[in-house]
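Chemist: Following is a predicted model, sequence given first.
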Amino acid sequence: MWRHDSGRAFEHSVGQERKETGRLEALSDGVFAIAMTLLVLGIPIPTAEKLHEQHLTLQAAVLNTSALLPFLTYVISFLTILVMWINHHYMFQFVARIDRFFVVANGLLLMVIVFVNYPTALVANFVGTADGRFAAIVYNVTLITASLLYNALWFRIIGHQRLLVADADPAEVASYTRQYLFGGPFYVVALGLAFVNPGLSIALDAALAIFWAFTGKITRTQVRQMTARHAKAPSAAPGENER
């Protein structure tokens, strides 16, 4: 009787931990979606009054160089947040359960993700002007802060075996650790470039976003094992599907 009750209690505990992990990931996905949506608000919309004052047609106002910069900044920042979401989503494949530190660090990361909209607007409006340096600095400091919080989450997972899934591949964990460690220094380089050439700094940010989007590791241990189990599953008996 005691063993039966203990087993049920253990199953309930595991189920509750999975529920809490799922709730945190769902909240995070919602915040990422909002942050991506807010980025478009940084693209200015020409008004008839401004067109009349500047003696421009709508086509000329939209296609001139200064107007195209907000579009470019929007694409860069959207890709950056998309890569952050991809990393966040697949990081959770390694999470068996969460603790208070993980919840707080994840909350701080979400705060930074939403804040990306602000430095994006600064870059869109001031890069190419005398204030472009400050705008690029704020933008890169934001990305560095996000990178540090990602590292805090990841090292919390691998540093506390209770949080890490039991069947994690050590070689795969080491590979992802290197990936997280390499991200931050590149953004530090971009920050250094912001003091010298803000435009080049933002260009490096764009290159990094594209690089991580297409080269970052996304296959996790659980995904591979689920695929392997599915492949090994016995096929249905002849005529079974016809019943």
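Modeler: Arrived safely, thanks for sending. Numbering: from 1, shown residues only.
Chemist: hey, let's count contacts and neighbours off CA atoms from now on
Modeler: Will do.
Chemist: Quick one: the helices in the protein, in order.
Modeler: 2-39, 48-54, 58-63, 65-91, 100-115, 117-126, 132-159, 170-196, 198-215, 221-232 (DSSP state H).
Chemist: okay if I get the ones you listed as JSON lines plus mean pLDDT?
Modeler: Written out in JSON lines, the entries for the helices of the chain read as follows (pLDDT from 0 to 100):
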{"stretch": "helix 2-39", "mean pLDDT": "69"}
{"stretch": "helix 48-54", "mean pLDDT": "74"}
{"stretch": "helix 58-63", "mean pLDDT": "70"}
{"stretch": "helix 65-91", "mean pLDDT": "81"}
{"stretch": "helix 100-115", "mean pLDDT": "94"}
{"stretch": "helix 117-126", "mean pLDDT": "84"}
{"stretch": "helix 132-159", "mean pLDDT": "93"}
{"stretch": "helix 170-196", "mean pLDDT": "87"}
{"stretch": "helix 198-215", "mean pLDDT": "84"}
{"stretch": "helix 221-232", "mean pLDDT": "51"}
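Chemist: Can you tell me which residue is spatially central in the protein?
Modeler: With distances taken as Cα atoms, centre = their mean, residue 84 lies nearest the centre of the chain, 1.3 Å away.
Chemist: hey, which of the helices of the chain is tucked in deepest?
Modeler: helix 117-126 (a mean of 22; mean count of other Cα atoms under 10 Å).
Chemist: That one packs against which elements?
Modeler: Helices and strands touching helix 117-126, by 3 or more Cα pairs under 8 Å, 6 or more residues apart in numbering; DSSP states H and E, are helix 2-39, helix 65-91, helix 132-159.
Chemist: let's see 10 Å
Modeler: helix 2-39, helix 65-91, helix 132-159, helix 198-215 (3 or more Cα pairs under 10 Å, 6 or more residues apart in numbering; DSSP states H and E).
Chemist: roughly how far is it from the heart of the chain?
Modeler: Helix 117-126 has its C-alpha centroid displaced from the chain centroid by 19 Å (Cα atoms, centre = their mean, to the nearest Å).
Chemist: Next, the angle from that helix to helix 65-91.
Modeler: Note on geometry: by axes from the mean of the first three to the mean of the last three Cα atoms, to 10 degrees, helix 117-126 and helix 65-91 are set 160 degrees apart in direction.
Chemist: Which residues outside helix 117-126 are in contact with it?
Modeler: The contact list for helix 117-126 (Cα atoms under 10 Å, 6 or more residues apart in numbering) reads 35-44, 66-74, 76-78, 129, 131-143, 198-199, 202.
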